[in-house]
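S.K.: attaching a predicted model along with its sequence, questions to come.
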Protein chains: 2
Amino acid sequence: MHYFAGIDLGGTKIYTIIIDESGKILSRIKVKIAGNINLNFIVDSIVKTYKDAIAEAKIDEKDIKAIGMAVPSAVNIETQTLVHAPNLGWKNVPLSKIVYEKLNKPVFMDNDANMGTYGEYALGVAKGLKHIYGIFVGTGIGGGYIINDEIIRGDNFTTGEIGHTIVKMDGPKCNCGRKGCLEAIASKVGIVKYIRKRVEKKNEKTILDQISPNWSKSVGSSSLYKALAKGDRVVTKALNRSGKAIGIASANIVNLIGVEGIILGGGVIEELGDFLVPIIRKNLMEYSMANGADKIKLLISTLGDDAVALGVAWFVSLEKNKSYLYNGQ
Amino acid sequence: MHYFAGIDLGGTKIYTIIIDESGKILSRIKVKIAGNINLNFIVDSIVKTYKDAIAEAKIDEKDIKAIGMAVPSAVNIETQTLVHAPNLGWKNVPLSKIVYEKLNKPVFMDNDANMGTYGEYALGVAKGLKHIYGIFVGTGIGGGYIINDEIIRGDNFTTGEIGHTIVKMDGPKCNCGRKGCLEAIASKVGIVKYIRKRVEKKNEKTILDQISPNWSKSVGSSSLYKALAKGDRVVTKALNRSGKAIGIASANIVNLIGVEGIILGGGVIEELGDFLVPIIRKNLMEYSMANGADKIKLLISTLGDDAVALGVAWFVSLEKNKSYLYNGQ
């Protein structure tokens, strides 16, 4: 039996899994890396989660045939270079080469939202569809695009930057410096920014002060959910606005490229989907051009935390993707 | 020698050409149909332009092997039905069948912006590129999408509706009923609406009153150009706003699907491109994510008025597209 590792490197955690040839997950290891984004430290942590995941899967390391890594960055998949990961503070890192030299296995690296979309496409909720876009809403917003079994990365690896498509020209300022990005309105950062503004400038009250006193610096989606459940007005407004913007961005995809299905995933959707998805669906219908917008499949990720790691592990397990792997040259 | 007809049916004109197997245009016939959108009248006019174009090309009608038609509507290309053409007031018209029964030649119909994009892709400015989006700015705004030699029409034929992607959530009202569509800001309709608002509500003056006294009802792009050339402030503002919105919509395409090139065409670009294109380019750069936005090719249509008719004539001339043609069943 052959096995494959999938490593999901985020801004705050490393999540590593081992799968077999059928895509079955044999083990999962998650470690937090919050605060420490030193390259050597992260590489050592990747190696450790990899060894731990192999031990937990009770397999022999020699049967691992390839390693897939997904990173929060545009990736030049030809040179296997991480282009720029703002959350890690890294630019132009040849991470596949570095990991290959540590572990001596073929390594492939791609963008995390690409691989999350691919996971749902190959093994999750979008199985069987041919033309899909994935939108992952968390602290930021990323996306992935697949058509006819091909992951479209774009000539300059810009595909999937749906978080930085403009839904409100001259709108709220985004961390990227532009104005009116989807991310500035709909991501957790955008939601919190809006709440802060209403509290500071309009003197509105929020129950977040009790639920999560440090909310304006850092807040979990689950705390937002608690505030929502208690009927907090400003949190409700912020989430309505987020859902509307995601619905409009989804309709923009439909009107621009006519996909068959849109996948929604990420922490914000996982925690707040019950509230957000109906709003997203309503706006998707309202803003999509006629001719059957009601036929568009709005799909909720079923792989959850596994989507990205499973996507990249499955990708490297396929014979046809062998040429993408870095193996010393 | 085999010949092919290309018919570009617009809201105000029919433009018909004959090409040979090499794509060379042998004749062009243009007739105005403004005001009369009766189906029988239009079909008779199509037949007449077709016969006239054949006569002008000095060929024998029996050597015409297929007819391509492009229409200002979503088209179900499987059933060869025109879905809805607001400018013609038509819904669900099996136009290929009707024309086939009149002319007894295989007929194919597709959306006009698709075919304009295809024309530029196959024979015009985008020749050699693999992943492109065409944006055609006139009274309205349409688009077309091609990847790896395939025209992407979308499962519900919504692809190309870039005019109704939202660039300004809760922004100006569009003729489609939604708010903040690109078309409501950047098309000729959007430009004139903005000028009218500034003149009526803010009491600003415009030289259009002299150049084209009826401008608020109907104005040519060339009149807008004259006003611009004379330094008209409100026209300049309206065009700056249009260019910015088109630039942002172009960047949205790059960030969403990472195309190699964007083609700009249509009457507004033809007449006002000298002014608009630099603004579009600046905003495309500013709003595209890094990783080489400067490498995105912003291309100006070189086929002009011929693009759509030539695109559809060339499409039907290719052996591999034979199965798309309607020929009695």
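M.R.: Right, received. Where do you want to start?
S.K.: what does the pLDDT read for the residue located most distally from the centre of chain A?
M.R.: Taking Cα atoms, centre = their mean, the residue of chain A most remote from its mean C-alpha position is A:N203, at 34.0 Å. We have a pLDDT of 93 for A:N203.
S.K.: could you look up the SS state of A:W215?
M.R.: Assigned with DSSP: H, G, I helix; E, B strand; the rest coil, A:W215 falls in the coil class.
S.K.: neighbours around it, how many?
M.R.: When neighbours are counted by other Cβ atoms under 10 Å in any protein chain shown, A:W215 registers 22. To be clear about C-beta, it is placed using only N, CA and C from the backbone, and glycine gets the same treatment.
S.K.: and for the one 3 residues further on?
M.R.: Under the neighbour criterion other Cβ under 10 Å, A:S218 is assigned a count of 11.
S.K.: need phi/psi at the residue farthest from the centre of chain A.
M.R.: phi 60, psi 30 (degrees, to the nearest 10).
S.K.: cool, and A:G273?
M.R.: The phi and psi values for A:G273, taken as degrees, to the nearest 10, are phi -60, psi -40.
S.K.: for it, grab the count of nearby residues.
M.R.: So A:G273, with other Cβ under 10 Å, has 20 neighbours.
S.K.: ok, it to A:G138 distance?
M.R.: 13 Å (Cβ to Cβ, to the nearest Å).
S.K.: swap in A:A5?
M.R.: As judged by Cβ to Cβ, A:A5 and A:G138 stand 23 Å apart.
S.K.: then A:E319?
M.R.: Using Cβ to Cβ, we find A:E319 at a distance of 33 Å from A:G138.
S.K.: more neighbours: those two, which one.
M.R.: A:G138 (22 against 5).
S.K.: quick check, A:L82 in a strand?
M.R.: Yes - counting by three-state DSSP, A:L82 is located in a strand.
S.K.: wait, it sits on A:V75?
M.R.: Yes - counting by Cβ atoms under 8 Å, A:L82 touches A:V75, with 5.8 Å between them.
S.K.: more neighbours: which of the two?
M.R.: Set A:L82 next to A:V75 and count neighbours by other Cβ under 10 Å: A:V75 wins out with 27 against 24.
S.K.: name the SS class of that one, please.
M.R.: Per three-state DSSP, A:V75 ends up strand.
S.K.: closest residue of the stretch 101-250 of chain A to chain B?
M.R.: Proximity of the stretch 101-250 of chain A to chain B (Cβ to the nearest Cβ) peaks at A:G154, 1.6 Å away.
S.K.: what about that residue, neighbour count?
M.R.: 23.
S.K.: ok, which stretches of the stretch 1-150 of chain A are helices?
M.R.: Per DSSP state H, counting those that start in this stretch, the stretch 1-150 of chain A carries helices over the ranges A:39-57, A:95-103, A:112-123.
S.K.: swap in the stretch 201-329 of chain A?
M.R.: Taking DSSP H, counting those that start in this stretch as the criterion, the stretch 201-329 of chain A contains helices spanning A:208-211, A:221-229, A:233-257, A:267-287, A:307-317.
S.K.: among those, which comes closest to B:S250?
M.R.: Between B:S250 and the helices of the stretch 201-329 of chain A, the shortest separation by Cβ to Cβ is 11.3 Å, and it involves helix A:233-257.
S.K.: show me which residues of the closest one are buried.
M.R.: By neighbour count with 16 or more other Cβ atoms under 10 Å in any protein chain shown, helix A:233-257 contains the buried residues A:234-235, A:238-239, A:241-257.
S.K.: before we move on, what about stretch A:300-312?
M.R.: A:301-303, A:305-312.
S.K.: residues in the stretch 1-150 of chain A within reach of chain B, list them.
M.R.: A:74, A:83-84, A:131, A:133, A:143, A:145, A:147-148, A:150 (Cβ under 8 Å from any Cβ of the partner chain).
S.K.: could you rerun that using 10 Å?
M.R.: Counting by Cβ under 10 Å from any Cβ of the partner chain, the residues of the stretch 1-150 of chain A lying close to chain B are A:73-76, A:83-84, A:129-131, A:133, A:143, A:145, A:147-148, A:150.
S.K.: the strand or helix carrying A:E200: which residues count as buried?
M.R.: Assessed by DSSP states H and E, A:E200 sits inside helix A:188-201. For helix A:188-201, a neighbour-count test (16+ other Cβ under 10 Å) marks A:188-196, A:198-199 as buried.
S.K.: okay, these in JSON lines with pLDDT next?
M.R.: JSON lines is the format used below for the buried residues of helix A:188-201 (pLDDT from 0 to 100):
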{"residue": "A:K188", "pLDDT": "95"}
{"residue": "A:V189", "pLDDT": "93"}
{"residue": "A:G190", "pLDDT": "96"}
{"residue": "A:I191", "pLDDT": "97"}
{"residue": "A:V192", "pLDDT": "96"}
{"residue": "A:K193", "pLDDT": "96"}
{"residue": "A:Y194", "pLDDT": "97"}
{"residue": "A:I195", "pLDDT": "97"}
{"residue": "A:R196", "pLDDT": "97"}
{"residue": "A:R198", "pLDDT": "96"}
{"residue": "A:V199", "pLDDT": "96"}
